[in-house]
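K.L.:
Fold the stuff below for me.
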Amino acid sequence: MKEDSLKKEAARLDALKTDIDDKMAKYQAILKQIDDALQKLKQPDDERFKRVVKDYEAMPTEEAGARISALDEDTAANLLLKMNPKKAGAAMAQIEPRKVASLTEKMTSIKKSFPLK
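P.N.:
Residues are numbered from 1 along each chain as shown. As a prediction, this is how the structure comes out:
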């Protein structure tokens, strides 16, 4: 009798484990679909941003510095991170020192927040 009860409990637990495994696989597939969709949405923006970076790199240093300093700090920090280091440094030399300090802090603390892996 006790043995039958243990067998039934073991079978129930196996069924629960199988159910949980199936649900986890389903949710992992959904997360992958979301990640793929986000990558597809992000791709055109990345291409446009690369174009903007090239445009800023082509500008005279003084003009690039003035325009970067007028941008919001997140955009400016991302732009400077993507630019050729020599050109970014030359542009930063044209920006007010406090703004450069703030941008530098942003540039060193930018983190990927989604998706978690």
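K.L.:
Now for Thr61, how many residues are close by?
P.N.:
14 (other Cβ atoms under 10 Å). Every residue, glycine included, has its C-beta placed from N, CA and C.
K.L.:
doesn't Ala91 make contact with it?
P.N.:
Yes: between Thr61 and Ala91 there is a contact under Cβ atoms under 8 Å: 5.8 Å.
K.L.:
wait, Ala76 sits on Leu103?
P.N.:
Yes: contact criterion Cβ under 8 Å: Ala76 and Leu103 qualify, at 5.6 Å.
K.L.:
and Asp14, how far is that from Gly89?
P.N.:
63 Å (Cβ to Cβ, to the nearest Å).
K.L.:
so where's the chain shaky on pLDDT?
P.N.:
42-44, 110-117 (pLDDT under 70).
K.L.:
and with 50 instead?
P.N.:
Within the chain, the ranges that satisfy pLDDT under 50 run 113-117.
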